[in-house]
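Enquirer: Could you work out the structure for the sequence below:
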Amino acid sequence: MHPCPECKAIIDLTGIDLPVTGRLVSCGVCGGIWRAFPLPASETLGIPNGEVQTIPPPIEAVPPSDEAERRPSNAAAMLAVARRLAIGFAVLTVIVGALLAARDYLAVWLPSSRGLFAALGKPAGPPEVTVELVSITPVDGGQATHVTYEIINDTALSRPLPTVCATGRDASAERLFLRCFPGDPQGIPSRGTRRFTFIAADLAYPLADLDLDLSFK
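Expert: From the prediction side, this is the model:
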């Protein structure tokens, strides 16, 4: 027989296995829950002789399982999930904001990101690196041409060296050659230029026009 510490009702726990470490039980009178421990065989409830006490009828004490003890209430679980979602959304918002703020820079160093920013409705600005033709000098009677060009970085940040494709045409606008020069990951320093030269040899006709195009892919 165990007294309920809440309402002092006498609870009959006969048949309930009480380990030495105790077990959570519930009171059928007040609904209180406490940990009951096994009583020594010699221990009594201390009822005075000749005094009659009214003992409530035995109630079933259903000790919750260990898993139930550890499991939080539904409200607490939902609150924990809501907090995690709020934190995750806040972190995602900060990351997206930082990427959008740096999209022009990322578009230069990571050209594939241009499609992502365009899909988000925030297209990146054009790369601020240009190419200029410096000179075209015919050699060998016009059957070869010496070409010099510059790549100019007019920004405050270093930029990767883009690929340059040179297209040469004769006087009738027929293409004589197409030559591409791969970029360089070491790039160009801010406010800097790099000059390059090449020779287009064994041309069928003298070179009349030259187009220079940049590719950041």
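Enquirer: For stretch 130-142, buried residues please.
Expert: Neighbour-count burial for stretch 130-142, counted by 16 or more other Cβ atoms under 10 Å, picks out Val131, Ile136. In short, each C-beta sits where N, CA and C put it, glycine included.
Enquirer: neighbours of the closest residue to Thr167 other than its chain neighbours, just the number please.
Expert: Distance criterion Cβ to Cβ, 6 or more residues apart in numbering; nearest residue to Thr167, sequence neighbours excluded, is Asp211 at 4.4 Å. Neighbourhood size, Asp211 [other Cβ atoms under 10 Å]: 12.
Enquirer: Quick one: residues contacting Asp211.
Expert: Ala166, Thr167, Arg169 (Cβ atoms under 8 Å, 6 or more residues apart in numbering).
Enquirer: Just the buried ones from those, in PyMOL syntax?
Expert: Buried residues among the contacts of Asp211 (16+ other Cβ under 10 Å), as a PyMOL selection:
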select buried, resi 166+169
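Enquirer: how about CSV for the contacts of Asp211, with distance to Arg23 added?
Expert: As requested, the contacts of Asp211 are exported to CSV (distance: Cβ to Cβ, whole Å):
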residue, distance to Arg23
Ala166, 86
Thr167, 87
Arg169, 93
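Enquirer: out of the contacts of Asp211, which are inside strands?
Expert: Counting by DSSP state E, the part of the contacts of Asp211 found in strands is Ala166, Thr167, Arg169.
Enquirer: Run a quick neighbour tally on the closest residue to Cys27 other than its chain neighbours.
Expert: Take Cys27 and drop its neighbours on the chain: the residue closest to it by Cβ to Cβ, 6+ apart is Cys4, 4.3 Å away. Applying other Cβ under 10 Å, we find 23 residues neighbouring Cys4.
Enquirer: Would you check that Cys4 makes contact with Ile11?
Expert: Yes: between Cys4 and Ile11 there is a contact under Cβ atoms under 8 Å: 5.7 Å.
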